[in-house]
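> starting from these lines, generate the structure:
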Amino acid sequence: MSWTDERVDLLKKLWQEGLSASQIAGELGGVTRNAVIGKIHRLGLSGRGQPTSTIKRSRRARTAPAVRQRRTVTIGATALQAEEEIEIAAEVRPTHSVVVPISKRLSIEKLTERTCKWPIGDPSEEDFYFCGCDSLEGVPYCEYHAGVAYQGSDPRRKLKRTAHG
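Purely as a prediction, here's the structure:
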C-alpha cells in the first residue's frame, strides 16, 4: 500500500473530523492502525487541528521549602497490607555542601536508625566517615542529603515503603 495524495488528503480530513486511527484505517482500507499513526506523526497532525506551537513557556521558579506528606494506602487485593507513601517535593536544590561537625561524624559501627547514613570521602581512606546528623523519619538521610539523594525529573517523586507494624 502506498500513500497517494488522495489517501493522504482523506487521512487529513478524517483526522480533523476526530476519527480514531483505527476508524481511519477502516475507512482507507488496506492499511493498519499503526501505519495511520505513523503517517499522522510524520505529517505533524498529532494536534487534532491545533497548530503546533514552537513557543516555549517559561517555568515559574519555586521558592517554597521541601514538603513532606504522609498517607497510608492499601494496594490491590492485599487490603490488609498497608503501604506508606512518602512524597518528597524538593523544590529548592541545595547549592552548597553541608559541613558536618567533627562531633557528628560517625564510623559504620556507630550508625543508628536515627543517624544520616550519607558516606563522605573514599571508603579506602582513613578519614572516611558518615554524616551522622539526625535523619528524617523513614529516610536514611538528614534533610540536606535527602534533598541530594531524592532528585528526579519529577519534583513530586513518590517514595514507597511498606509499613512494618
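> which ones are touching residue 33?
21-22, 25 (Cβ atoms under 8 Å, 6 or more residues apart in numbering). C-betas here are computed from N, CA, C, even on glycine.
> specify which member of the residues you listed is nearest to residue 144.
residue 21 (49.3 Å; Cβ to Cβ).
> quick check: phi and psi on the closest one?
phi -60, psi -40 (degrees, to the nearest 10).
> report the contact partners of it.
33-34, 36-37, 40.
> before we move on, the earlier item: out of the contacts of residue 33, who's nearest residue 123?
Out of the contacts of residue 33, the member with the shortest distance to residue 123 (by Cβ to Cβ) is residue 21, at 54.6 Å.
> thinking again about what came up before, just the ones of the contacts of residue 21 in helices?
33-34, 36-37, 40 (DSSP state H).
> what subset of those residues is buried?
With burial judged by 16 or more other Cβ atoms under 10 Å, the buried subset of the ones in helices among the contacts of residue 21 is 36-37, 40.
> where along the chain do the strands fall?
Ranges of strands in the chain, per DSSP state E, are 67-75, 78-89, 119-120, 129-130, 158-162.
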